[in-house]
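K.L.:
need coordinates for the following:
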Amino acid sequence: VQLQASGGGLVQPGGSLRLSCAASGLSSDHYAIGWFRQAPGEKREGVSCISISDEKTYYAYGVKGRFTISRGNAKNTVFLQMINLKPEDTAVYYCAAEWGSTCHDNMDYWGKGTLVTVSS
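P.N.:
Okay, here's the model as predicted:
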């Protein structure tokens with residue numbers, strides 16, 4: 001299983017970015033994709049999660065209403081639309097996959113991260 005996150009960059013406060021996670025090697029729809037982030041000097045934290053089979057979603061409290069996770073038509077791509085970005089959203093964002101329908105801190109598969117920097 002391979003995961004590739006992309007779409008990070010530098011954006012001003014209040015701006016938007018859309019991250020993409022492309023998954024390969026997953027042989028069924030019964031898995032979940034999660035987005036996690038780690039800021040410098042901080043612990044990694046969960047941001048959002050989607051169950052691929054039924055599209056149920058989860059958001060961390062601090063991003064609810066600003067971030068939207070969705071599944072692409074091909075099911076093996078997951079997007080994280082981020083609006084009204086704040087400096088505290090600055091972090092390396094990772095996508096991860098887990099068989100089943102929920103996310104947790106120790107997902108089975110992890111991709112390399114993409115850096116999001118929110119700064120004026």
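
K.L.:
for residue 43, which three-state class applies?
P.N.:
coil (DSSP: H, G, I helix; E, B strand; the rest coil).

K.L.:
quick one: it from residue 82, how far?
P.N.:
Separation of residue 43 from residue 82 (C-beta to C-beta, to the nearest Å) stands at 20 Å. For the C-beta atoms, the positions are set from N, CA and C on the backbone; glycine is no exception.

K.L.:
same deal with residue 106?
P.N.:
24 Å.

K.L.:
name the residue in the two with the higher neighbour count.
P.N.:
Ranked by neighbour count (other C-beta atoms under 10 Å), residue 106 and residue 82 place residue 82 first, with 26 against 8.

K.L.:
confirm for me that that one is in contact with residue 14.
P.N.:
No: using C-beta atoms under 8 Å, residue 82 is not in contact with residue 14, being 11.3 Å away.

K.L.:
show me what contacts the residue nearest the centre of the chain?
P.N.:
Most central in the chain under C-alpha atoms, centre = their mean is residue 35, positioned 2.5 Å from the mean C-alpha point. Applying C-beta atoms under 8 Å, 6 or more residues apart in numbering to residue 35 gives the contacts 19, 21, 46-49, 69, 78, 80, 93-96.

K.L.:
change it to 7 Å
P.N.:
Residues in contact with residue 35 (C-beta atoms under 7 Å, 6 or more residues apart in numbering) are 19, 47, 48, 69, 80, 93, 95.

K.L.:
what about the second one, helix or strand, and which?
P.N.:
Counting by DSSP states H and E, the element that carries residue 47 is strand 45-51.

K.L.:
so the residue nearest to the centre of the chain sits in a strand?
P.N.:
Yes: assessed with three-state DSSP, residue 35 lies in a strand.

K.L.:
what's opposite it in the beta bridge?
P.N.:
residue 48, residue 95 (DSSP bridges).

K.L.:
average pLDDT for stretch 17-27?
P.N.:
Stretch 17-27 shows a mean pLDDT of 93 in the predicted model.
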